[in-house]
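In: This is the structure alone, sequence omitted:
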C-alpha cells in the first residue's frame, strides 16, 4: 500500500506543478486531492513523525522535516491564492511559486534518502529490469540525467524560485478587479501533458541522483 501510494503521489506531482498544463481548476482541486493523499502518506509513516522529538536527529531528519513544513506552507498559500475557493489573495502567488520550486528540490532530497527502498520495490515489481545489461543501463542513466538537467534549464524553475524577489510590472486589468492578465484556456493536449510529465520526472530523478551520490 505504501509503495503504490508513493507511485500515485509521484505521478500526481508531475501533472500539476505547472499551473496551466491541464487547467487552473485541475491545479486547485487536484492539489486538494493530492494534499489528502499526502496526509495519508504522513499517516502511514507516523512512527517517524511521532518519534522525531525523542530521538537524536541527523541531517536527513532535519531535511525531511523541512520538506514537510515547506510542503504545508505551499498548500496553505495555494489555498489562499485560489479564486475557486472564494479567497483569491493573489499577492501570495509569487510565494506559492517559490515554495513550489523549493519543495521540488526537497522532494528530490526526500527520494534520495529512500533510494534503496524505492529501488528494491521497483525491481521486485519489474523483474525484467534486473536483466538489463550494465552498458545499456549506464547509457539510459546518462540520457535520463542529461534530459533532467536540460528540463531544469528549459522549465520555469528559475522564474518560480525568484518570483517573490522580482518586481513585476503592472498587468492590464482582466476585468475582475485583480489587475491580472486573463490566461487563455487551451484544449487538453495528451502529448503536451505526457511531455511535461516526463520532463518533471527527469528533473526530480536527476536531482535525487546527484543528492544520493553526495550522501555516499
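Out: Done, it's in. Remember, predicted model here, so these are calculated numbers, not experimental data.

In: gap between the residue nearest the centre of the chain and residue 32?
Out: For the chain, the residue whose C-alpha lies nearest the mean C-alpha position (CA atoms, centre = their mean) is residue 104; its distance is 4.4 Å. Distance check for residue 104 against residue 32: by CB to CB, to the nearest Å, it reads 19 Å. No exception for glycine: its C-beta is placed from N, CA and C like everyone else's.

In: go on, residue 128?
Out: For residue 128, the distance to residue 32 - CB to CB - is 37 Å.

In: for residue 141, same thing?
Out: 36 Å.

In: again, but for residue 79
Out: Distance, residue 79 to residue 32, by CB to CB: 8 Å.

In: pLDDT of the host helix or strand of residue 135, averaged?
Out: Take DSSP states H and E as the rule and residue 135 turns out to sit in helix 134-154. Helix 134-154 carries an average pLDDT of 84.

In: Show me which residues of it are buried.
Out: Using 16 or more other CB atoms under 10 Å as the test for burial, helix 134-154 gives 144-145, 147-148, 151.

In: What of stretch 197-214?
Out: Quick answer for stretch 197-214 (16+ other CB under 10 Å): 197, 199-209, 211-212.

In: At which residues are the helices of this protein located?
Out: Taking DSSP state H, the helices of the chain run over residues 2-16, 24-44, 46-50, 59-81, 93-113, 115-125, 134-154, 157-162, 190-215.
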